[in-house]
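Asker: Okay, here's the prediction I keep looking at, along with the sequence it came from:
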Amino acid sequence: MYRRNLLSRRDFLRISGAAGALAVSGLPMFNRIVARSKAQTERTIKVLTVGDPWDLALQNVVDQFTELTGIGVEIESLGYVALQARLINSFLTQTADADVIAVDQMWISQYADNGWIRSLDDYIAADSDSAIDDFLPEVLHSLSTWRGKIWTLPVGAYAQGIMYRTDVFEAAGIDPLPASTAEAGDWTWERYFEILEQVNGMEMDGTTFFATTVIGAQPVPVVHMYTQLAASYGARWFTQFPNAPWDFTPTMNSPENLAALQDWKRLYDWSPPESINYLWFDAGTRFSQGDIAMFYHWTPYFYLVNNEGYLTGTPSPVVDKFRTAVLPTKTAGGDQVVSLGGWALGMPSTSANQDDAWQFLKWATGTEGQKAMGKVNVAGYQFADFSRLSLYQDEELREIYPFLDTQLEMMRLGNGKVVRPPAPIYTSLEGVYGLQLNQAMTGAVTPEVALETTQTLFSNILSGNQMIPYNIDSFDDTLENTQALIASLQA
Amino acid sequence: MRKRLPYLLIAPSVVVLLSLVLYPMGFALINSFYFWNLQTSPTPLFFSGWDNYRMVFQTTPFVEALTNTLLLSFVGTFVQFWLGMAIALLLNSHLRGMTVTRAILIMPTTVAPVVVGFLFRYLMEPQGGVLPWLLTGIGLTPPPQGLLGSASTALLSIGIADTWQWTPFFAIVLYAGLIAVPEELKDAARVDGASGLAMFWRITLPLLRPVAAFLVMIRFMQLFNSFDLVFVLTGGGPGTASRTLSFNLYREGLVNYNIGLTAAMTWLVVIIVTIIINLYIFFIFRKREW
């Protein structure tokens, strides 16, 4: 049956007219509200970060910065790939998407060479508060410098180190591992493998132990873990880099790399079979679940494994049952190079609030901000990734994070430009390298074939991208030159 | 004016088509002949001829990805079609509870593939996952690396997750087609003594052909572009065991930012899909008007 409209045309016109009049009369008031709100947020910067433990800590303390400076901060946290895509999109379209951004060490060459981020040298030189000489030069060298300039400042620095179960070692009659290089003596990878062989399959309290776990997922995770072993064995990616003159002819099929890959396969044999698909946190979580005797990983896991899952806040069964140790060397007392990675904060060239951005960047990477982050206790303490020497000496932080001395020693032996060289097109190289390592783990190819294939693919990619021969000016990118740069900026 | 009117009326569609389809494809085609890698330069550096096409084969696992993609697309479409057909016939059998079943069936199709990926990651988890437990229960031992970690089962696992999600789609659409089959034809066949199987092959299936052909084509193309499930479940691994062409494109385009190489790979994929689809159309509709 036909139902009449409840609202007549005349009523509709009346109501519309009244609403219109109200809107017009209210417009000035609305404008005033907008203006006031604009004034309040006038000094607001936008920060794009990545979902890592340091990001969680930073978000918890960022209000302290606003209280201190009056500058509002909007933090947006993204996944790794999403962040990179978002940044590149904003750079290409010349849009000011953010004032401060998280920059992976591998992106620096690309961002700096393309002029997408600005060098921080002038800010550092003009602002003594930045205390640039407090940063560990190894960290600045690995994470923040490119072609003799500082482009970012480290906000979360990671080295690699060992975590092992003290109860398992005690039961097996194995001496504790060295927490310092001074005690390392004959602490070699050979000894590391001997211990793994001894504890593999051990039964304790109803748990059958895997000797270790690897991070096997391709391409990035496996490269992160494998390259530490390879670097310790003396394997290098290129004929000459980062020292000048740069020669990107690959050296992936070197005897050192082959020995490392053969031993990597042994590590996998002692690991849970499913670790072939493990991401970083899968390996950490597995250790924290309690059936892994010993493994090496990025140093944030020194505190993350106290949680039963990733950042859950639930104490894991291994709390108080594990210790940290320094990485072994290939030969007793031999050279060591530790993988040094992490995240740094940079400033896009397109940022319209560069002075405010610098204030934030300086605070978040400074002693005050970093200490506040280290003291955040949400679901446990979960930020010890310091890159400033003073923080490693801070008694309060040392009490919370008792492993800081070991971590500092690993940082001091770190060189991110050697272990995973941040050369242009690194991502493409890492992609094929990780794939071949994973193939070798599956047994689809032998280590020899995997490395020969990597060598060929590297050659093809590097030649195809005009990097062999390298016709652009090189830069002697040594730690000494970074130290000299720090000294000149501090002066 | 009357002669021009039809052209004027279709002009907006043509303009939209040109700008949304042909322009990006032309853009990709041009860039496929330039050296343009965002890791080294924000703009194309120089004309590089066929180098990008050569690099596709020399620096990426293109052949492995193509093989996996074809396997997944052909087997996946085949399995989902026949499973969907079986379910559609059941739905059409007027058994009790079919109305509710029909409503439930559509649910997996409405879930985002990424969510399906996470769901199956948990179901296939080697430590405590339901699927390994079920397999062990029926006497099949899952690989020690897990269903997603073994080269022999990774692609199959992706296929299983996809089949779970998309078989109901086949079932619902085929069921709609079955409803439209005239009962008189079946009655006549029955009078002539045709068996159930004969009626299915000679009456039902031919009448379903237009719907089925379209459905198969759409699903094949979707499977050919499989990305979400691969990304979430296996990341293309282990090794290249589950790497698909779309995942290859993602790696080169959104991880390595090699625009020239990605453009070349895109065109190779476009050519392959076009050939397959046109062959399909040719054979399916050769005696009919398309």
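Answerer: Happy to help now that I have it.
Asker: What helices and strands are in contact with the helix or strand encompassing A:Q359?
Answerer: Here A:Q359 sits within helix A:354-365, counting by DSSP states H and E. Counting contacts by 3 or more Cβ pairs under 8 Å, 6 or more residues apart in numbering or on different chains; DSSP states H and E, helix A:354-365 is packed against strand A:44-50, helix A:53-69, strand A:100-104, strand A:152-158, strand A:341-346. Where you see a C-beta, it was placed from the backbone N, CA and C, and this is true even at glycine.
Asker: Okay, angle between that helix and strand A:152-158 too, please.
Answerer: 20 degrees (axes from the mean of the first three to the mean of the last three Cα atoms, to 10 degrees).
Asker: Please compute how far helix A:354-365 lies from its chain's middle.
Answerer: Chain-centre distance of helix A:354-365: 20 Å, with Cα atoms, centre = their mean, to the nearest Å.
Asker: for stretch A:81-101, same thing?
Answerer: 19 Å.
Asker: which outside residues touch that stretch?
Answerer: Stretch A:81-101 has contacts (Cβ atoms under 8 Å, 6 or more residues apart in numbering or on different chains) with A:45-50, A:76, A:78, A:102, A:104, A:107, A:111, A:114, A:116-117, A:345-348, A:350-354, A:356-357, A:360-361, A:364, B:38, B:42, B:254-255, B:257.
Asker: what's near enough to touch A:G216?
Answerer: If you count contacts by Cβ under 8 Å, 6+ apart, A:G216 has them with A:222, A:268, A:271, A:275-278, A:438, A:441, B:238.
Asker: ok, those residues vs A:A182, which is closest?
Answerer: A:S271 (30.4 Å; Cβ to Cβ).
Asker: would the closest one count as being in a strand?
Answerer: No: the assignment for A:S271, made by DSSP: H, G, I helix; E, B strand; the rest coil, is coil rather than a strand.
Asker: so how far is chain B from it?
Answerer: 10 Å (Cβ to the nearest Cβ, to the nearest Å).
Asker: And that residue, its phi and psi?
Answerer: Note on A:S271: its backbone torsions stand at phi -100, psi 160 [degrees, to the nearest 10].
Asker: pLDDT score for the nearest residue to A:L68 once chain neighbours are set aside?
Answerer: Residue nearest to A:L68 in three dimensions, not counting chain neighbours: A:W363, with 7.2 Å by Cβ to Cβ, 6 or more residues apart in numbering or on different chains. With respect to pLDDT, A:W363 scores 97.
Asker: okay but A:W363 is in contact with A:E67, surely?
Answerer: No: with contact defined as Cβ atoms under 8 Å, A:W363 does not count as touching A:E67 (11.2 Å).
Asker: neighbour-wise, which of the two wins?
Answerer: Using other Cβ atoms under 10 Å in any protein chain shown, the more surrounded residue of A:W363 and A:E67 is A:W363, with 22 against 8.
Asker: returning to what we had before: inside helices: which ones of the contacts of A:G216?
Answerer: Secondary structure from DSSP state H places A:222, A:268, A:438, A:441 of those in helices.
Asker: From chain A, how far off is the residue most central in space within chain B?
Answerer: The centre of chain B sits closest to B:L223, judged by Cα atoms, centre = their mean, with a distance of 1.6 Å. According to Cβ to the nearest Cβ, B:L223 and chain A sit 23 Å apart.
Asker: secondary structure element for that residue?
Answerer: If you go by DSSP H and E, B:L223 is part of helix B:205-224.
Asker: Outside of that helix itself, which residues are in contact with it?
Answerer: Taking Cβ under 8 Å, 6+ apart as the rule, helix B:205-224 contacts B:69, B:72-74, B:76-77, B:80-81, B:162, B:166, B:169-170, B:173-174, B:176-178, B:180-181, B:185, B:245, B:273, B:276-277, B:280-281, B:284-285.
Asker: Need the buried ones from these selected in ChimeraX.
Answerer: Remark: buried members of those, expressed as a ChimeraX selection using 16 or more other Cβ atoms under 10 Å in any protein chain shown:
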select /B:69,72,73,76,77,80,81,162,166,169,170,173,174,177,178,181,245,273,276,284
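Asker: low pLDDT regions in chain B?
Answerer: Scanning chain B for pLDDT under 70 picks out B:287-290.
Asker: residue boundaries of the strands in it?
Answerer: For chain B, the strands defined by DSSP state E occupy B:34-35, B:46-47.
Asker: ranking the ones you listed by burial, who's on top?
Answerer: strand B:34-35 (a mean of 22; mean count of other Cβ atoms under 10 Å in any protein chain shown).
Asker: Which elements pack onto it?
Answerer: strand B:46-47, helix B:51-59.
Asker: Repeat the analysis, applying 7 Å as the threshold.
Answerer: Packing partners of strand B:34-35 (3 or more Cβ pairs under 7 Å, 6 or more residues apart in numbering or on different chains; DSSP states H and E): strand B:46-47.
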